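> have a look; sequence and predicted model below, questions after that.
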Amino acid sequence: QVQLVESGGGLVQAGGSLRLSCAASGRTFSSYAMGWFRQAPGKEREFVAAISRSGVGTYYVDSVKGRFTISRHNAKNTVYLQMNSLKPEDTAVYYCASGTSSVPSRRDLEYDSWGQGTQVTVSS
């Protein structure tokens, strides 16, 4: 498994931006797909974005398309989530996850390592 540490969360006004980072260690980062998920209070965890091991393939939940961008820097063992035009409904704890293969997935069962999460709060 891999160890994952998220950072970059915080409080921002609606319309603002945040950049989340997730630093990985423990196995060959560049061999695996990575994903971001989020969980709002009282709701189930939901898929946000995923990226292939090369970074070429990216996938997003419809609600963030055009506003969020997932990227990765394999030499730095880091995956990012750039979040623009934030809305109050984006408020949640955001988790990064490492996939079980090189193929990105929307399904949390396809990820075997998870970070501790970072809080994102968007005020109206």
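The structure has been received and is ready for your questions.
> quick one: pLDDT of Ser31?
On the pLDDT scale, Ser31 is placed at 93.
> and the nearest residue to it once chain neighbours are set aside, how many neighbours?
Nearest residue to Ser31, sequence neighbours excluded (C-beta to C-beta, 6 or more residues apart in numbering): Arg53, at 5.9 Å. The C-beta positions use only the backbone N, C-alpha and C, and glycine is treated the same way. Look at Arg53: counted by other C-beta atoms under 10 Å, it has 20 neighbours.
> now swap in Val120 and tell me
Val120 sits with 22 neighbouring residues when counted by other C-beta under 10 Å.
> the spatially most central residue of the chain in helix, strand or coil?
With distances taken as C-alpha atoms, centre = their mean, Trp36 lies nearest the centre of the chain, 2.4 Å away. Three-state call for Trp36 (DSSP: H, G, I helix; E, B strand; the rest coil): strand.
> tell me the bridge partners for it.
For Trp36, the beta-bridge partners under DSSP bridges are Ala49, Cys96.
> give me the pLDDT value at it.
On pLDDT, Trp36 comes in at 98.
> and the gap between the residue nearest to Ser31 and Glu44?
The gap separating Arg53 from Glu44 is 27 Å, by C-beta to C-beta, to the nearest Å.
> hmm, Met83 is touching Gly66, no?
No. Met83 sits out of contact with Gly66 when judged by C-beta atoms under 8 Å, with a separation of 11.6 Å.
> who has more neighbours out of the two?
Shown here are Met83 and Gly66; by other C-beta under 10 Å, Met83 has more neighbours (26 against 9).
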